[in-house]
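Colleague: give me a model of this one.
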Amino acid sequence: MTDSGNSKTSRDSVEIQKELFDARKSKLAKYKELILGEAGLGFLIKYELITLLVSWLPGALGLLLRSKLYPLLVGKSGRNVTFGANVVLRHPRKIRLGDNVVIDDNVVLDAKGENNSGITIGSGVFVGRNTILSCKNGDIIIDDNANIGFNCEAFSASRVRIGKNVLLAAYVYLVGGTHHFDRTDVPILFQERSSRGIEVDDNAWLGAHAVVFDGVKIGKECIIGAGAIVNKDVPDWKIAAGVPAKIVQDRREEKETKVVNF
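Modeller: Residues are numbered from 1 along each chain as shown. Next up, the predicted model:
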């Protein structure tokens with residue numbers, strides 16, 4: 001990671017249980033804070049009406065109506081953006097989408113946070129079914145033409161970037177934050193949390209079920225094997241595999257075209 005990425009985040013993490021069980025706030029106030037990210041009654045009514053009427057609607061009619069109405073909820077939406085059925089938008093004003101983006105069925109775009117920028121998705125991006133992009137006061141950036149497979153998760157408590165033309169196979173997990181466990185008299189849940197962020201640089205390919213830990217940078221043109229646990233940086237052009245992941249090859253050294261199952 002870069003120097004800036006090696007420091008702990010100065011942002012406060014969103015503590016969901018603390019927010020949910022705060023007796024000083026009404027249920028409506030909690031809902032607006034956690035789901036909408038703003039207190040205005042007008043936006044609440046618009047959000048409720050649009051999601052109630054079209055979020056579940058199947059078929060071509062559902063796709064058509066969501067393509068017209070969901071851009072009214074998000075911070076920015078480019079041309080020809082497709083929203084599948086049952087897509088969940090949290091803090092939607094912090095979600096920005098480029099042109100020709102596909103958000104498949106059951107995707108969760110959670111841009112939650114107090115002072116973060118949220119989720120930014122470039123043009124030509126595909127986000128596969130059941131994938132979760134989750135901010136806890138962090139930011140997630142997905143650059144142009146990235147392809148996020150089914151059932152992936154990216155969590156960010158500071159900054160997670162998925163570069164241009166990156167391919168994530170199904171069930172990839174980017175863990176952009178961690179818990180401290182220095183004390184033995186306090187449950188880990190209540191100890192300090194920190195985040196250094198994750199970067200997956202341009203044109204990389206992560207195999208199915210790969211897990212990338214907080215603070216890791218995966219370089220340009222890299223390949224990460226299926227099921228790998230990546231806890232250290234991987235330089236450009238390298239192939240890494242295993243638990244924990246180790247570098248097994250430099251792609252530039254192999255001239256013969258190979259077919260590898262990742």
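Colleague: what helix or strand does the residue positioned nearest the centre of the chain sit in?
Modeller: Among the residues of the chain, the one closest to the centroid is residue 133, at 2.9 Å (CA atoms, centre = their mean). Here residue 133 is covered by strand 132-135, with elements defined by DSSP states H and E.
Colleague: need the residues that contact that strand.
Modeller: Here strand 132-135 makes contact (CB atoms under 8 Å, 6 or more residues apart in numbering) with 91, 94, 107-113, 116, 118-119, 127, 140, 142, 152-157. Any C-beta I mention is one placed from the backbone N, CA and C, and that applies to glycine too.
Colleague: next one: it to chain centre, how far?
Modeller: 4 Å (CA atoms, centre = their mean, to the nearest Å).
Colleague: thought residue 153 was touching residue 174?
Modeller: Yes - in terms of CB atoms under 8 Å, residue 153 counts as a neighbour of residue 174; the distance is 7.1 Å.
Colleague: who has more neighbours, those two?
Modeller: Applying other CB atoms under 10 Å to residue 153 and residue 174 shows that residue 174 carries more neighbours, namely 28 against 17.
Colleague: tell me if that one really is in a strand.
Modeller: Yes - secondary structure of residue 174 (DSSP: H, G, I helix; E, B strand; the rest coil): part of a strand.
Colleague: check contacts around it.
Modeller: 152-156, 160, 162, 198, 200, 212.
Colleague: closest to residue 80 among the residues you listed?
Modeller: Nearest to residue 80 out of the contacts of residue 174 is residue 162 (CB to CB; 20.8 Å).
Colleague: where does the closest one fall, phi/psi-wise?
Modeller: Phi and psi for residue 162, reported as degrees, to the nearest 10, are phi -110, psi 120.
Colleague: nearest residue to it other than its sequence neighbours?
Modeller: Leaving aside its chain neighbours, residue 162 sits nearest to residue 142 (4.6 Å; criterion: CB to CB, 6 or more residues apart in numbering).
Colleague: since we're on that neighbour, how many residues are nearby?
Modeller: Using other CB under 10 Å: residue 142 sits among 28 other residues.
Colleague: okay, it: pLDDT?
Modeller: Note on residue 142: pLDDT of 98.
Colleague: so in terms of bridging, what pairs with it?
Modeller: residue 121, residue 162 (DSSP bridges).
Colleague: now it: how far from residue 168?
Modeller: 10 Å (CB to CB, to the nearest Å).
Colleague: any shared contact partners between those two?
Modeller: Joint contacts of residue 142 and residue 168 (CB under 8 Å, 6+ apart) are 148, 162.
Colleague: show me the strands in the stretch 151-262 of the chain, by range?
Modeller: Remark: strands assigned in the stretch 151-262 of the chain by DSSP state E, counting those that start in this stretch are 153-156, 159-162, 167-168, 173-176, 178-179, 193-194, 198-200, 205-206, 211-212, 217-218, 223-224, 229-230, 238-241, 246-250.
Colleague: right, so those strands: which one is the most enclosed?
Modeller: Highest mean neighbour count of the strands of the stretch 151-262 of the chain: strand 198-200, a mean of 27 (counted as mean count of other CB atoms under 10 Å).
Colleague: in its sheet, what does that strand sit against?
Modeller: Counting by DSSP bridges, strand 198-200 is paired with strand 159-162 (parallel), strand 217-218 (parallel).
Colleague: next, count neighbours for residue 137.
Modeller: That count, for residue 137 with other CB under 10 Å as the rule, works out to 21.
Colleague: any figure for the gap between the spatially closest residue to it that is not a sequence neighbour and residue 93?
Modeller: Nearest residue to residue 137 in three dimensions, chain neighbours excluded: residue 113, at 3.6 Å (CB to CB, 6+ apart). Distance from residue 113 to residue 93, counting by CB to CB: 11 Å.
Colleague: for residue 244, same thing?
Modeller: Taken as CB to CB, the span from residue 244 to residue 93 is 39 Å.
Colleague: try residue 253
Modeller: 48 Å.
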